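Asks: after the sequence you'll find the predicted model.
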Amino acid sequence: MNLPRLINRSISQRWFSSCLTSLSVALGVMLVAAILVVKDEMEQSFLKPGRGYSLVVGPPKGSSLTLVLNTVFHMETSAGLLPFRVLDSLEQSRYVKLAVPYSVGDTFKGYRVIGTTGAVFSKYFPHPEGKTPQEKFADGGPFHYDRKALALTLSRLTNTDPPEGAENVKEVNEAVVGYEVARRLGVRVGYQIEPTHGVEGTTHAEETLWRVTGVLKRTGTPIDKVVLINLDSFYRIPDHKGALVIKPDGSGLEATFSAALVFPKPGVNKALLYARLKGRKDVLVAEVDTELRKLFSLVGDVDKAFLMVSVLVVVIGVLSIMVAIYNTMNERRREIAILRAIGARKTTVMSAIVGEAGILSFFGAITGLLMAHGLVAVSAGYVEQKANFRPDPTHVMVEEIMLLAGVTILGALAGLIPAWKAYRTDVATHLAPLS
Amino acid sequence: MDIRLENLQVSYPGHSTPVVDIPSLTVAAGRQICLVGGSGSGKTTLLNTLAGIVLPTRGSVLYDDMDIASLSEGRRDRFRAANVGYVFQTFNLLQGLSAMENVAIAASFGGVKASEAKTRAKDLLERVNLGHRLDSRPGTLSVGEQQRVAIARAVINRPTVVLADEPTANLDVENGDEVLELLKETVREAHSILVLVTHEPRVQSHFDDVQVLSEISA
């Protein structure tokens, strides 16, 4: 009972300097915790979307990292175009389980529009919520996708013969929107939306509307911020004639797409497929996991440097507690002598000093953690704008608990020096009446 | 429990003559003794030696047959908490604590449970007519009231001995006399020995047993 009372008394008697010393710890802890939280959130936001993805195949331009960022994270602009025969070869490969083409170039009120096939809703296509449409969709379901409709559309574009049974093909413009698109724009199933051309959002030459058939569940990944449309409808937009290129042999035109997400069959198939694709000059292949690790090894060094500086600030804060208590030892000596004279043991007096340092550090650390989350909350919008991910201020990490414990222990240890001075206080000398 | 001083000498480094040099002195249980001495006569050092705060250079301080100097520092602290009450000239109350907390904390050091310590502190403060100032901080109390809190603190553990070092030196005559009588009464009620040191002749008149330090010293 005595110890907490003594500590409380000592802190409240010097509340202003106690607050200041705690604040110095808090500032250091805030920096460390904010860096930890933002780093973790950044890793999560980059690694989470990458989970379940395997290979990305794109045009042989730019870097592998750009290809991954462009296809998985929907960042940057597409590096170029791939002819559809690449998709055919991927779909027919004995190593491939699933190939999902992406055609990009349009936006809907700032959100990227991706033309793709029904494969994007396949059970093999990763979605944190599950495999079935019921598990993936918050409302509605997949858009209608028909291979023949795509073949028909492409044949029209390239002035080639339509596929067999083309007369029975149902041509529809349908869209599935990500969770954030639906939430922020208020889009619901059954709504008609009109994507615009390019990032600038130029209206298409002809008004073309897409009917929303489904809203995906929230995933916390970039797919929340895209609009998926059936691939054939993408090519029915007259403005997308730029997706045509001359065949290498000059025998005519062929349609192109932007990139493909490729999911190999299990086992050695991935390695074999990767080796084959790597050997091709007409494509660029990137392994999602490898590229993300490379990215984090670059970012990691920078945040390690930040972290080290922040840890130094924490240590300086803790040392300031030691200095502050040490500087008050002269005025404390008389109190210590009185306490000893009325029966307090040396160890009680020493423990009170160590406890005071520990408690100041603890409250400093708690304040620092709260400030860190406050800082994350305040800067979340800015970070999202600049780094394309929004840190969650409510995200609490185990490392923060360890930081709290570590700073408290470090603070208590720093208190040992003034505590030792208290331990050695000569009672008789300091009991003498003050002149 | 009696207190016996045998060939007690206390010297400070660099001083050729001992500050305290008492060949023999016995204070029987329950007695109240006033030791008179001038400035520098070793009054405070003697009390600190009785409390085990200062160790004798020679001789012994015996509580019955136990020599306090033979105890380890930790055991001396425990002994002091349970057996010694101290009243200082300058009261020496802890500024951040209320009157009740100042009294109760001494009981806690003596091993008394917190709830019991509070009850005892409250009773004692009522006994010294401070029942209305339980939650007052020392700074808001008059000097007389502060010394009454110090008296309550000194007797809360019903110690073997209460040591009073010039307890009235900072008080006016009226307050001094009142505090002195209160000190004697409460010490008597606690069945403790009272050893009071003073240089004031006025204080001696309150005691039957008055000893002049220079006379009992070697």
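Replies: Cool, the structure landed. Numbers count the residues shown, from 1 in each chain, chains lettered A, B, ... in the order given.

Asks: elements contacting the worst-scoring helix or strand of chain A on mean pLDDT?
Replies: The weakest-scoring helix or strand in chain A, judged by mean pLDDT, DSSP states H and E, is strand A:244-246 (a mean of 76). When contacts are defined as 3 or more Cβ pairs under 8 Å, 6 or more residues apart in numbering or on different chains; DSSP states H and E, strand A:244-246 packs onto strand A:253-257. In short, each C-beta sits where N, CA and C put it, glycine included.

Asks: tell me the pLDDT at the closest residue to A:Val68 other than its chain neighbours?
Replies: Setting aside the residues directly before and after it, A:Val68 is nearest to A:Glu291 in space (Cβ to Cβ, 6 or more residues apart in numbering or on different chains), at 4.3 Å. The model reports A:Glu291 with a pLDDT of 88.

Asks: host element of A:Glu291?
Replies: Using DSSP states H and E, A:Glu291 sits within helix A:288-327.

Asks: tilt between the helix or strand that comes right after that helix and helix A:288-327?
Replies: Sequence-wise, the next helix or strand downstream of helix A:288-327 (DSSP H and E) is helix A:329-341. Here helix A:329-341 runs at an angle of 70 degrees relative to helix A:288-327 (axes from the mean of the first three to the mean of the last three Cα atoms, to 10 degrees).

Asks: quick one: buried residues of helix A:329-341?
Replies: A:329, A:332-341 (16 or more other Cβ atoms under 10 Å in any protein chain shown).

Asks: how about it as CSV, C-alpha atoms only?
Replies: The C-alpha trace of helix A:329-341 is given here as CSV (Å, rounded to 0.1, in the frame of the first residue of the first chain):
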residue,chain,number,x,y,z
MET,A,329,17.5,14.0,-5.4
ASN,A,330,18.7,16.9,-3.3
GLU,A,331,15.2,18.0,-2.4
ARG,A,332,14.2,14.4,-2.0
ARG,A,333,16.9,13.5,0.5
ARG,A,334,15.2,15.1,3.4
GLU,A,335,11.9,13.2,2.6
ILE,A,336,13.9,10.0,2.3
ALA,A,337,15.5,10.7,5.7
ILE,A,338,12.1,11.3,7.3
LEU,A,339,10.7,8.1,5.7
ARG,A,340,13.7,6.1,7.0
ALA,A,341,13.3,7.6,10.4
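
Asks: ok, now which ones touch A:Leu253?
Replies: A:157-159, A:244-247 (Cβ atoms under 8 Å, 6 or more residues apart in numbering or on different chains).

Asks: what is the helix holding A:Glu291 packed up against?
Replies: Looks like helix A:288-327 contacts helix A:15-50, helix A:64-72, helix A:346-387, helix A:398-414, helix A:416-423 (3+ Cβ pairs under 8 Å, 6+ apart).

Asks: next structured bit after the last one?
Replies: Moving toward the C-terminus from helix A:416-423, the first helix or strand encountered (DSSP H and E) is helix A:427-431.

Asks: quick one: that next one near chain B?
Replies: Yes. Applying Cβ under 8 Å from any Cβ of the partner chain, one finds helix A:427-431 in contact with chain B at A:427-428, A:431.

Asks: format those as JSON lines; extra columns: distance to A:Asp301, neighbour count and pLDDT.
Replies: Formatted as JSON lines, the residues of helix A:427-431 next to chain B follow (distance: Cβ to Cβ, whole Å; neighbours: other Cβ atoms under 10 Å in any protein chain shown; pLDDT from 0 to 100):
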{"residue": "A:Val427", "distance to A:Asp301": "55", "neighbour count": "21", "pLDDT": "87"}
{"residue": "A:Ala428", "distance to A:Asp301": "59", "neighbour count": "18", "pLDDT": "85"}
{"residue": "A:Leu431", "distance to A:Asp301": "58", "neighbour count": "24", "pLDDT": "81"}
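
Asks: right, I'll leave it there.
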